[in-house]
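Q: This is a predicted model, with the sequence first.
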Amino acid sequence: MSDEWDMEAMNRQVTEEFRANGGKVGGMFEGVPLVILHTTGRKTGKEHDNPLAYREEDGRMFIFASMAGAPTNQGWYYNVKDDPTVEIEIGTERKKAQARILSEPERSEVYGRQAAEVPQFAEYDVQSGDRVIPVVELITD
């Protein structure tokens, strides 16, 4: 059983719980604001669903390609980089969004605030080594 399979299995379980409970989940994600990000695979053309923690600031929504502090970016980040037109699920609502990858210094500012409020993100930053964890803004109409 590979780490990638474990992540996929966990994502499926969280997504199912999210949908069954109107956007709420328990366990390690209880109380964490979650969004389901729908991207199109850059290699496969298939739709991928990823449950992600998000940060809301002044009506803006940000997600983080932390991959739990792994040394590489997760697949959804590359999908968004190739095709920024995505869909998101928040609660029971699904809507279109545009993904915008933040550049410096905005990326560091947003990530810093997230890490200060959610210490797990500070740990991810250390664990990721030299990799700079991307921050993506999701822009909806």
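A: Everything's here; your move.
Q: Please make it C-alpha for all contacts and neighbour counts, starting now.
A: Noted.
Q: And the residue nearest the centre of the chain?
A: When C-alpha atoms, centre = their mean is applied to the chain, the residue found nearest the centroid is residue 52 (3.5 Å).
Q: a helix runs through residue 8, doesn't it?
A: Yes: according to DSSP: H, G, I helix; E, B strand; the rest coil, residue 8 belongs to a helix.
Q: ok, so what distance separates it from residue 49?
A: 10 Å (C-alpha to C-alpha, to the nearest Å).
Q: what do you get for residue 79?
A: Counting by C-alpha to C-alpha, the gap from residue 79 to residue 49 is 11 Å.
Q: How about residue 16?
A: 11 Å.
Q: more crowded one of those two?
A: Counted by other C-alpha atoms under 10 Å, residue 16 and residue 49 do not tie: residue 49 has more neighbours, with 19 against 14.
Q: element containing the more buried one?
A: Using DSSP states H and E, residue 49 sits in strand 47-57.
Q: next structured bit after that strand?
A: strand 60-64.
Q: for that following strand, which positions count as buried?
A: 61-64 (16 or more other C-alpha atoms under 10 Å).
Q: And for stretch 83-92?
A: 84-91.
Q: Stretch 43-51 now?
A: Quick answer for stretch 43-51 (16+ other C-alpha under 10 Å): 49-51.
Q: Relative to the strand holding residue 49, what are the paired strands and their orientations?
A: Take DSSP bridges as the rule and strand 47-57 pairs in its sheet with strand 34-40 (antiparallel), strand 60-64 (antiparallel).
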